[in-house]
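K.L.:
What would the 3D arrangement of this be:
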Amino acid sequence: MLPFLALLLWVPGAGATRACPHLCVCYESSDFVDCRGHHLAHVPRGIPHSTWILDLRRNNLSSLETGSFDALWSMKILLLSHNGIGRLRPKAFKSLGFLEKMDLSHNLLAQLPPDFSDELTSLKELKAAHNRLSALAFGSLQHLESLEKLDLSYNQVASIEKGTFRGLSRLRHLYLQSNRLGVIYNGGFSMLQSLEVLFLGTNNISTIEVGAFASLHNVNLLALTGNQLIHLKFKTFLNIQTASTQLQLAGNPWACDCDLQRVFSKILSVRHLHVEDYANLTCASPGQLAGLPLLSVDTQLCVAETATVLVITVTVLVTVIAAIVMAERNRKKSQEKNWNESDGPFEPQEK
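P.N.:
The predicted structure follows:
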């Protein structure tokens, strides 16, 4: 009987001295409230004020209303993934000033409201992957001053405003893969001096402005795989002043010519830059090189150009020499003619 009673005391909610929301399970010893997978349409009422972890994953939440988490000052982790959340009302996160981790992934968010970060000044990790976000604005992120990890992958972000991330001075990991970015502009990642990992793979990036990564002083991994890059500018990566940076560049439709070979030759010669997947870079053009690894043809890409330059140089040199020779011949002929004319006709003397 005694062992049974001891077991009963450990059953979630058994012997609890505080209320627990209907359909949820409250683990009093760990301040964990588990409301997963109960088709909840609203954030339940009566969540204990001492709750540290609230799990609302896999429900039917369509919006977060104003004050949904009112008075939950102790909350550290809020899990909201796999719902149908498409709207965040003003002050939806009121009282969550000590929240450190929030998961909003796999929802229907098309935008983050201007006041999104107002109450989230202690947040260290934010997951908003697999939503419908199409743009990012400085206003919605500016107060996330403690944020260290931001996952915005698998959205529809087509552009990043200059200074969007400038309030995120402690950000270390930024995931933007599988969006719709086409151009990386100067200033897009300004003020991210602490950033260590930047994932930009599987977008539509075809252009990177020269100063786009200039402010990244600590980045050790920059992933640009699976984009639409044809050429690169050496200065784009030379501006990354770090102790060591790994670059991932495979899966782009490289135009393998002498210019590209020179750029990669320079990048590979820089001590702190390392193209991690250079062996996997593949040519998409010209046609005769399509499908071939860049590594297998890189030493040949400038041969034809060098030969062409050499032929042109020799041709010009021969032409110049021929012109000089002809000029010299004409000068001598002209000189001989002048001498003959100055002597006059030959007349024999009379006896």
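K.L.:
At which residues are the helices of the stretch 151-300 of the chain located?
P.N.:
234-238, 258-269, 294-297 (DSSP state H, counting those that start in this stretch).
K.L.:
Please report how far the residue nearest the centre of the chain lies from Leu79.
P.N.:
In the chain, the centroid-proximal residue (CA atoms, centre = their mean) is Leu200; its distance is 2.9 Å. Leu200 is 27 Å from Leu79, where distance means CB to CB, to the nearest Å. The way it works is simple: take the backbone N, C-alpha and C, and place the C-beta from them, glycine included.
K.L.:
Kindly report the same for Pro90.
P.N.:
22 Å.
K.L.:
neighbour-wise, which of those two wins?
P.N.:
With neighbours defined as other CB atoms under 10 Å, Pro90 and Leu79 compare such that Leu79 has more, 20 against 13.
K.L.:
partner residues bridging the more buried one?
P.N.:
Legend: beta-bridge partners of Leu79 under DSSP bridges are Asp55, Asp103.
K.L.:
Check Leu222 too.
P.N.:
Beta-bridge partners of Leu222, as defined by DSSP bridges: Leu198, Leu247.
K.L.:
Test my guess that it contacts Leu195.
P.N.:
No. When contacts are counted by CB atoms under 8 Å, Leu222 is not listed as touching Leu195 (9.6 Å).
K.L.:
intersection of neighbour lists for these two?
P.N.:
The contact sets of Leu222 and Leu195 overlap at Leu216 (CB atoms under 8 Å, 6 or more residues apart in numbering).
K.L.:
Low-confidence bits of this protein, can you list those?
P.N.:
Scanning the chain for pLDDT under 70 picks out 1-18, 301, 303-318, 322, 328, 332-333, 335-351.
K.L.:
Kindly state the domain boundaries assigned to it.
P.N.:
With domains defined by automatic domain parsing, the chain comprises 18-144, 158-314.
K.L.:
Turn the ones you listed into CSV, including distance to Met326.
P.N.:
Formatted as CSV, the domains of the chain follow (distance: least, CB to CB, whole Å):
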stretch, distance to Met326
domain 18-144, 69
domain 158-314, 18
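K.L.:
of those, which approaches Asn330 most closely?
P.N.:
domain 158-314 (24.4 Å; CB to CB).
K.L.:
I'd like to check which residues are in contact with the closest residue to Gln111 other than its chain neighbours.
P.N.:
Using CB to CB, 6 or more residues apart in numbering and skipping the chain neighbours, the partner closest in space to Gln111 is Leu133 (6.5 Å). Leu133 is in contact with 109-112, 152, 155-157, counting by CB under 8 Å, 6+ apart.
K.L.:
hang on, Glu119 packs against Leu96?
P.N.:
Yes. With contact defined as CB under 8 Å, Glu119 reaches Leu96; the gap is 5.4 Å.
K.L.:
So between these two, which is more surrounded?
P.N.:
Higher neighbour count among Glu119 and Leu96: Leu96, with 23 against 18, using other CB under 10 Å.
K.L.:
didn't the more buried one look like it was pressed against Asp70?
P.N.:
No. If you go by CB under 8 Å, Leu96 and Asp70 don't touch, sitting 9.6 Å apart.
K.L.:
now Trp254: how far from Gly182?
P.N.:
Taking CB to CB, one finds Trp254 at 18 Å from Gly182.
K.L.:
correction: Leu200
P.N.:
11 Å.
K.L.:
check which helix or strand covers Phe116.
P.N.:
Taking DSSP states H and E as the definition, one finds Phe116 inside no helix or strand.
K.L.:
next one: the one 10 residues further on
P.N.:
Element membership of Leu126 [criterion: DSSP H and E] is strand 125-127.
K.L.:
Show me the strands paired with that strand, marking each as parallel or antiparallel.
P.N.:
Strand 125-127 pairs in its sheet with strand 101-103 (parallel), strand 149-151 (parallel), by DSSP bridges.
K.L.:
Output those in a markdown table; the columns should cover distance to Glu209 and mean neighbour count.
P.N.:
Converted to a markdown table, the strands paired with strand 125-127 look like this (distance: least, CB to CB, whole Å; neighbours: other CB atoms under 10 Å):
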| stretch | distance to Glu209 | mean neighbour count |
| --- | --- | --- |
| strand 101-103 | 32 | 19 |
| strand 149-151 | 22 | 20 |
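K.L.:
would you list these in TSV and tack on distance to Leu171?
P.N.:
Output for the strands paired with strand 125-127, formatted as TSV (distance: least, CB to CB, whole Å):
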stretch	distance to Leu171
strand 101-103	15
strand 149-151	6
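K.L.:
How many neighbouring residues does the nearest residue to Asn107 once chain neighbours are set aside have?
P.N.:
Nearest residue to Asn107 in three dimensions, chain neighbours excluded: Ile85, at 4.1 Å (CB to CB, 6+ apart). The local packing of Ile85 (other CB under 10 Å) involves 22 other residues.
K.L.:
residues contacting the nearest residue to Arg180 once chain neighbours are set aside?
P.N.:
With sequence-adjacent residues excluded and distances taken as CB to CB, 6+ apart, Arg180 is closest to Ala158, at 4.4 Å. Residues in contact with Ala158 (CB under 8 Å, 6+ apart) are 134-135, 179-182.
K.L.:
do Pro90 as well
P.N.:
Going by CB under 8 Å, 6+ apart, Pro90 touches 66, 113, 115.
K.L.:
related to what we said a few turns ago, any idea which of the contacts of Ala158 is closest to Thr164?
P.N.:
Ala135 (9.2 Å).
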